[in-house]
Each structure stands twice: as structure tokens, then as C-alpha cells.
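Participant: Need a 3D model of the sequence below.
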Amino acid sequence: MSEPLLVALLGPTASGKTALSLVLAERFSGEILNCDSVAVYRDFEIGTAKPSAAHRRRVPHHLLDLLPPNEVMTAGDYARRAREVVEDLKRRQKLPLVVGGTGFYLRALLEGLFTGPQRSEELRERLRAIGAGKGSAYLHRVLARIDRAASQRIHPHDLPKIVRALEVCLLARQPMSKLWQAGREPLHGFRILRIGLDPDRELLYQRINQRALQMFAEGLVAETERLMQKYPNSPVLNSLGYKQAGQLLRGELAMEAALSAAAQGHRNYAKRQMTWFRREPGVHWLEGFGDDPLIESQAIRLVAAHLPEEG
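Facilitator: From the prediction side, this is the model:
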């Protein structure tokens, strides 16, 4: 019997990955693994667009609500946990469906990461303090001088990743990008099918704008206020939606400006996601949204064609 299949469902935010994953999981006896770097944290709900309770009752979900927001989930941590889950699904003869928009998490799971130097909490705290004082863009410029290749992979506002990259460079005494090339251990024992959603850009932006409106209407500001009180130093509060709601609460933005900034931030994020996913190997791109019946049928045919033959 050939190796079992693993399906990675990727695409930009608001492209309908959740809807399609439910269809595929129910059709092929699958279970869903979250691959979103914010949805792994507890208490962050509205701004993450996590699967609803009804969705979770329909299909088992994994790797949601793993950590409190004052802890850090690295890509390596995610990959270790995800590999444990997919091995369990393999034993139970369930189809793993890895679903989400965090490309670095997906790469860590499927291709593996380098073994970096042991963490230094003292160095990390010093770097965070510099970032808090001078801004993430300043640290990003420092990273670009030390390791230009790594800086090009990390957004200038992504302080946790910038801090981690600088920590690795300083502790290893060499660019992190060089370490990336060595010591990787790809996922073994599965055939990988990558399905990508690539809807029309303007229609996608309309959905993103509507989602931003919906999040604010559903209570994102009140949720952010509770989270700021409970986890005042959590870096997750800088994620899209929560950041703009926090600026509203601090009086830095008016409601209309906060809503506009959140929508714009998500549109920019969708562009970066597609740039990343275009570099993924062997993606079967479907030109539409995951809740479109035509796209659903195309995805079903793809999965059926790649399932291992029994016997």
C-alpha cells in the first residue's frame, strides 16, 4: 500500500479555506489541523476567525487554543505538535487536512526547520526592550545588516520573528539564513497534496472589507479591551484587528479610521500571503473561493485522484 495522503489547503485570508476544509473532511473522513499562528492562542476569538463551535462539532479540529497569549509558539513548536497529530491521524486512518494562512508554519511542518542555538531569555528580553523603545523597524534594519536574506522573509512590524532571528544570528555567530539550509528534516511517511485558493483580487478585497466590518460589529473592541487587561504584554495584541482595536481604545484612532486600518492591514496581509504561497512547490491552484460549489467539486476530484489505492 502506498503512503497515506496529507492535504495542505492554503490561500489568503478570507478566501474560504474553512468552508472548503469542512467539505473535504466530511467527504474523505478527514480531520483538520489549524495552521494559523494566532488561532493557536486561547481567548483570542473574534479577530482570528477561528472555526465556530458548530464547525468543530461537524469535524474534529486540532492545534487550536493551545497556549495562553503570554507564551510564545514558534514555528518549530508548531511543527513538533503538528507532526504528532498527523502521525496519530495516520494510525487512525484519517485524512490530515492542514488549513491556514501562516506559510512559515506550513513550511516548518512539511519541510522542517534548522536546529538553532539554545534560546537565551536574557538576550531575547534585551532585544524586546530595544524594540519597545526604538520600534520593530529599527531592529529590522539591524537584522538586514546582519542577515539580509532573513530580513527579506520577515515583515518589519513582526517583532517576535525579528527578535528570534537576531537572537539566532547573535548566538550562532552567523546568519540565520545559512542555518536554514542545514539540518532540515522533511515530513516523512506521507504524500503531500497542496491545494491553493486564488480568488479574484477585487472580490477577495470586498470579502476582507466585509470581514473587518463584521469583526467590529461582533464585539472585537470589547474583546480586545478584556484581553488588554488580562494579557497586557502579549505580542498577540499586535496582530491584525486587535492592534487597530487597541489603538481605538487608547484614543489613537477614531472608529472609522480603526476599521479602515484593519481592513487595509488584512488586504496587505493577503498580498504577502500570496507572495509566500506562490513559492510553495507543486500547488494545485483553484481560481475561486472555497465556498463556491464549482471550487468544491474541483477540490474533491483532486483529493480523490491523489488518494492511495487500497490493497
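Participant: any idea how far Ala165 is from Arg184?
Facilitator: 17 Å (Cβ to Cβ, to the nearest Å). Every residue, glycine included, has its C-beta placed from N, CA and C.
Participant: Quick check: Val85 touching Cys35?
Facilitator: No. Val85 lies out of contact with Cys35 (Cβ atoms under 8 Å); the separation is 11.2 Å.
Participant: Grab the nearest non-local neighbour of Lys230.
Facilitator: Of all residues not flanking Lys230 in the chain, Asp43 sits nearest, at 7.1 Å (Cβ to Cβ, 6 or more residues apart in numbering).
Participant: So Ala165 and Arg184 - more neighbours on which side?
Facilitator: Neighbours per residue (other Cβ atoms under 10 Å) separate Ala165 from Arg184, with Ala165 holding more: 26 against 14.
Participant: doesn't the more buried one fall inside a helix?
Facilitator: Yes. Residue state for Ala165 (DSSP: H, G, I helix; E, B strand; the rest coil) corresponds to a helix.
Participant: what's the pLDDT at it?
Facilitator: Here the pLDDT value assigned to Ala165 is 88.
Participant: Quick one: residues contacting it.
Facilitator: Contacts for Ala165 were tallied using Cβ atoms under 8 Å, 6 or more residues apart in numbering; they are 143, 147, 150-151, 154, 176.
Participant: Go again with 10 Å.
Facilitator: 116, 127, 139-140, 142-143, 146-147, 150-151, 153-154, 158, 175-177 (Cβ atoms under 10 Å, 6 or more residues apart in numbering).
Participant: Just checking: what are the partner strands of whatever helix or strand Ile32 lives in?
Facilitator: Element membership of Ile32 [criterion: DSSP states H and E] is strand 30-34. Strand 30-34 has the following strand partners under DSSP bridges: strand 61-62 (parallel), strand 95-99 (parallel).
Participant: for the helix or strand following that strand, the distance to its chain's centre please.
Facilitator: Using DSSP H and E, the helix or strand that follows strand 30-34 in sequence is helix 53-58. Here helix 53-58 is found 20 Å from its chain centre; the criterion is Cα atoms, centre = their mean, to the nearest Å.
Participant: ok, and the closest non-adjacent residue to His157?
Facilitator: That would be Ser136: by Cβ to Cβ, 6+ apart, it lies 5.3 Å from His157.
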